[in-house]
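[1] Here is my input; please provide its structure:
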Amino acid sequence: MTDTKIKDLVIQALEDAKARDLRVLDVTGLTDITDYMLVATGTSDRHVGAVAERVVETLRAAGVRPLAGIEGESGASDWVLIDFGDVVVHVMREDARRFYDLEKLWGEEMRAVIEAHREPRDRDRA
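    Prediction:
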């Protein structure tokens, strides 16, 4: 399944589970670990877990399984990370999301810093 299709399924699952403030970060060319990071907010530890569970169930039904397990799913958690390879999902409580600020970390400022430090041959490939 393509990374775009996986991303679209994750978006649908997040919306179905009533996750808040969904952001899709296209990090293609910024990192080798993934192409998309999806960040969403849950209203409580229980909601974060339920949202993450919905994402996993939706993708499993489509034949896609997390690559390296699910981080933060056991017990009460304010952040669950699900790695589908080219798509990584972060479901966070609002305070954790504000503290780690992944949108800024992987945003336009970071893109500019990485681009400025690339070797000329790497810029041609990006």
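[2] Please count neighbours and contacts with C-alpha atoms only from this point.
    OK.
[3] The protein: helices as residue ranges?
    Under the criterion DSSP state H, the chain contains helices at 3-16, 45-61, 94-100, 102-105, 108-116, 120-125.
[4] From what I see, residue 84 and residue 69 are in contact.
    No - here residue 84 does not reach residue 69: they are 9.1 Å apart, not a contact under C-alpha atoms under 8 Å.
[5] between the two, who's got more neighbours?
    Neighbours per residue, other C-alpha atoms under 10 Å: of residue 84 and residue 69, the larger number sits with residue 84, 23 against 12.
[6] got a list of what the more buried one touches?
    Neighbour list for residue 84: 64-67 [criterion: C-alpha atoms under 8 Å, 6 or more residues apart in numbering].
[7] Can you report phi and psi for it?
    phi -100, psi 20 (degrees, to the nearest 10).
[8] re the thing from before, with respect to residue 33, which of the helices of the chain lies nearest?
    helix 3-16 (12.8 Å; C-alpha to C-alpha).
[9] what's the closest one packed up against?
    For helix 3-16, the packing partners by 3 or more C-alpha pairs under 8 Å, 6 or more residues apart in numbering; DSSP states H and E come out as helix 45-61, strand 87-93.
[10] Alright, that wraps it up for me.
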